[in-house]
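Asker: Give me a model of this one.
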Amino acid sequence: TATPSSHSSIFNDDDLRNDITNLVSTIESLRLYRNRGGELMRRAVCHFISCLCSSGLSLSVKQQVGLLDSLDGHLKHTSELIQKDATEALRQLLDVYFPCPKDSGGRPTERLINRTVKRYSDEVLRSDNPAVTRGFVSALGALPKKLLVDDDEDDEASCVKIVLNAVAHAAHFKTCVGMEKDAETRRNAVEAATSLVSTLPQLTEPYFYKILDIFTLAITKDYNTDRRGDVGSWSRIAAMKGLKELVLRVVRESDLPVFNSAPPTITSTGWGGTANQSLTDTNNVIYCPSLTERLEHLTKNSKEVAHRSLATKTPVHPYKKKTKPLVFWNDIVASSIIKIILQQLAEKLDTVRSTAGTVLSELLTATSPKIPFIPRASDLKDTLTLSSYPPPQQRQQQINWSHADQTFPLLGQALAIDEYFESILRGMVISVGGLTESVVRASTLALTSFVKGCVTLRRSAVLAKMGRVFLTLLRENHEKEEGGRVTLPLLKTIDKLIQRKLMDPLLVGDEGGDFGASLVEELRKEIRGTTDVTRLIAVANVLSGVLIVSYDKMKDGALPLVLLLLGHTYPRVRKHTAEQFYVALQDVSSSSCYSSRRDGSVDAVTAKLLEVEWGDSSLVAVRQERNEVARLLGVALKVSTRKERGEVSATTTKRGAGKMDDDFESYNSLVREAGR
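Answerer: You can find the predicted model right below:
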């Protein structure tokens, strides 16, 4: 049993003390959790257990286990408030009670490990009940240091590995509880990982990269949505906060190279290998001991070290070379972390930007310890106006990062820092193509101002890099099948830049190389790969803009796609494409640099676009008119179905008759998108 640190005279009464220690079991025997007020009673019991732990009253083993069982029941409750209170009470209960036997060397008993670590982990991995996974993954983050024992880090059965594996599984953006994904479980898992950062007795290199994986995957991949909106942002916000705690601890405990660092092995699935593995060819690298080690050295031998330093005229703790340096923190890790935070800072959600800005400013201005190896840290601080930031204890919110009009002008300037250009641009694309008016306005102004400056100053390398980022985003979303989360905002961003004549150097000039052809090819894949009406309309806008900028150069690739959309199954897509195509042809025909044949074909096409009811006519009639437009323009269409040739009889409309090969024969997306 635990020994109380101090006893008030009130606890000298044995009867009163017994009543207090048995109060929880008395409440449960009376079934006071039922009916009205039951949730309030559960929260009160959790708070009472916390107070009981603070008092240090002696409890028998049976009473300790009874309280633990009670908290386990509260952890499975559907109320989030009850789960939070139970998690905090569990943290104190396991810390104050359940002592480790002295004869086991301070290790917890196997029975206690099975009762807590293994039971909670099994529930997280196997339960189909979201309330259970939410509560028990939070319980894993509340485990005290004495339960996170790790005699052998290569042993898969070690407590730390069991806990980290369960937390990583629950935090993964693809993990399902039962048949559906659960945002609260993922968020609680990330918060549990944040708690483990401070409670792990020793943060070894494999554990560092394991926790880093949890945070980076949550920040970069968790964009899950449900009827409540972007619930993945809960995990991203929690992960950024946890990432800050991880960085601060690891910088204190990592040996720092005096020169350059040796990067860890990075695999396609995340951080892999260890920094030590890549140090085989860097035997001459000298390392500075970690901050923790230096402080311990000074504390233990302060007088001796000071006298020796004065006598020998050497530094108090000189740099030294280690046979096996503990390199957790290096330039590769630092750069990657700053980049993913900057991307979140440039995205559209106010709450995400607020957290990202706060975390970034604290990392850039940290003094105890100062964060090394951040690429161009001084330039980034100057650009974000963080150079004169006060110390944390005197700090007040100087920049409202959630305010778009304050944040995006700074990010527009930060685009000039080459190391962070792609990360900021990836995030800014989401904001420019978003729906919130204030965010769209501020982000569009920041991006267009930067691009306009590059066009004016003829910074062709920056423009070419921007084009490569756009193409990369399109290809990534085709390969990963992420839907319109990135593609639709990206198409809107490209359309806005084309309308402002800022894409002309890439589409017409030599700076873009084959950007125009590559863009058209990616748009072709987008048309064939989606049935989303809004994305098809965005594609039509971009294609029309491309034709206006460079008709002679791009007509062979862009015109067939425009004509394909003119014969699309969805009336809304056909009508919008006809309108945009008409505007494009009017602009092209009035251009002084237009060099195509002036034999009246363009006039005939524009007349045809005005005459035909593209949104109301039957599909067969519309496609016949579309084929006539193609003939006038001299464009050869690839016709693969009877419907495309207009050879459809009345019998083909019956169920099961005349199965078609056309990509757009389904109205599923039109129904799904109705009312959006």
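Asker: what are the ranges of the strands in this protein?
Answerer: Along the chain, counting by DSSP state E, strands occupy 176-177, 180-181, 256-257, 265-267, 270-272, 287-288.
Asker: Any idea which of those strands has the lowest pLDDT on average?
Answerer: Ranked by mean pLDDT, the strands of the chain end with strand 265-267 at the bottom, a mean of 42.
Asker: Could I get the contacting residues of the residue nearest to K339 when sequence neighbours are not counted?
Answerer: Excluding the flanking residues, the one nearest K339 by Cβ to Cβ, 6 or more residues apart in numbering is S423, at 4.0 Å. For every residue, glycine as well, the C-beta is placed using N, CA and C. Contact analysis of S423 by Cβ atoms under 8 Å, 6 or more residues apart in numbering lists K339, I340, L342, Q343, A346.
Asker: Over to T199?
Answerer: L143, P144, K145, L148.
Asker: Go ahead and confirm the first one touches T116.
Answerer: So that's L143. Yes - at 6.7 Å, L143 and T116 qualify as touching, with contact defined as Cβ atoms under 8 Å.
Asker: Just among the contacts of S423, which is most surrounded?
Answerer: A346 (30 neighbours; other Cβ atoms under 10 Å).
Asker: My guess is it contacts I424. True?
Answerer: Yes - assessed by Cβ under 8 Å, A346 is found in contact with I424 at 5.0 Å.
Asker: anything in contact with each of these two?
Answerer: Counting by Cβ under 8 Å, 6+ apart, the shared contacts of A346 and I424 are L411.
Asker: and of the contacts of T199, the nearest to A538?
Answerer: L143 (48.8 Å; Cβ to Cβ).
Asker: tally of neighbours for that closest one?
Answerer: Neighbours of L143 using other Cβ under 10 Å come to 24.
Asker: Show the pLDDT at it.
Answerer: pLDDT, read off for L143, is 95.
Asker: Same question for G178.
Answerer: pLDDT at G178 comes out at 90.
Asker: Would you confirm that I430 contacts E347?
Answerer: Yes - assessed by Cβ under 8 Å, I430 is found in contact with E347 at 4.8 Å.
Asker: Low-confidence stretches in this protein?
Answerer: Across the chain, the ranges flagged by pLDDT under 70 are 1-11, 151-156, 255-306, 308-309, 313-327, 388-397, 481-483, 510-512, 591-600, 639-676.
Asker: Just give me the neighbour total for E422.
Answerer: Neighbour tally, E422, other Cβ under 10 Å: 19.
Asker: same deal with L585?
Answerer: L585 has 21 neighbours, counted by other Cβ under 10 Å.
Asker: List the contacts of it.
Answerer: L547, V602, V605, T606, L609.
Asker: Which of those residues has the largest number of neighbours?
Answerer: Going by other Cβ under 10 Å, L547 tops the contacts of L585 with 23 neighbours.
Asker: What is the burial count for the closest residue to that residue other than its chain neighbours?
Answerer: Among residues not flanking L547 along the chain, A584 sits closest, at 4.6 Å (Cβ to Cβ, 6+ apart). For A584, the neighbour count with other Cβ under 10 Å is 21.
Asker: Touching, A584 and S544? I think so.
Answerer: Yes - with contact defined as Cβ under 8 Å, A584 reaches S544; the gap is 4.2 Å.
Asker: Tell me the spacing between the nearest residue to L112 once chain neighbours are set aside and V137.
Answerer: Excluding its sequence neighbours, the residue lying closest to L112 (Cβ to Cβ, 6+ apart) is F98, at 5.7 Å. Separation of F98 from V137 (Cβ to Cβ, to the nearest Å) stands at 21 Å.
Asker: the more surrounded of these two?
Answerer: Just comparing F98 and V137: by other Cβ under 10 Å the higher neighbour count belongs to V137, 32 against 21.
Asker: My guess is that one contacts A189. True?
Answerer: Yes - applying Cβ under 8 Å as the test, V137 and A189 come out as touching, 4.7 Å apart.
Asker: List the residues that are in contact with both of these two.
Answerer: V124, V167, A170.
Asker: Of these, which belong to helices?
Answerer: Using DSSP state H, V124, V167, A170 are the members of the shared contacts of V137 and A189 that sit in helices.
Asker: Closest to Q202 out of those?
Answerer: Nearest member of those to Q202, counting by Cβ to Cβ, is V167, at 17.3 Å.
Asker: show me what contacts the closest one?
Answerer: Taking Cβ under 8 Å, 6+ apart as the test, what V167 contacts is V124, V137, L140, G141, A189, A192, A193, L196, I214.
Asker: hmm, 7 Å instead?
Answerer: V137, L140, A189, A192, A193, I214 (Cβ atoms under 7 Å, 6 or more residues apart in numbering).
Asker: now L519: how far from R252?
Answerer: For L519 relative to R252 (Cβ to Cβ), the value is 48 Å.
Asker: Equivalent analysis for S104, please.
Answerer: 30 Å.
Asker: Look at those two and report which has more neighbours.
Answerer: R252 (18 against 10).
Asker: Let me know whether that one touches P369 as I believe.
Answerer: Yes - applying Cβ atoms under 7 Å, one finds R252 in contact with P369, separated by 5.6 Å.
Asker: give me the number of residues near the closest residue to N541 other than its chain neighbours?
Answerer: In this structure, N541 finds its nearest non-sequential neighbour in D495, 4.6 Å apart by Cβ to Cβ, 6+ apart. Using other Cβ under 10 Å, D495 is surrounded by 21 other residues.
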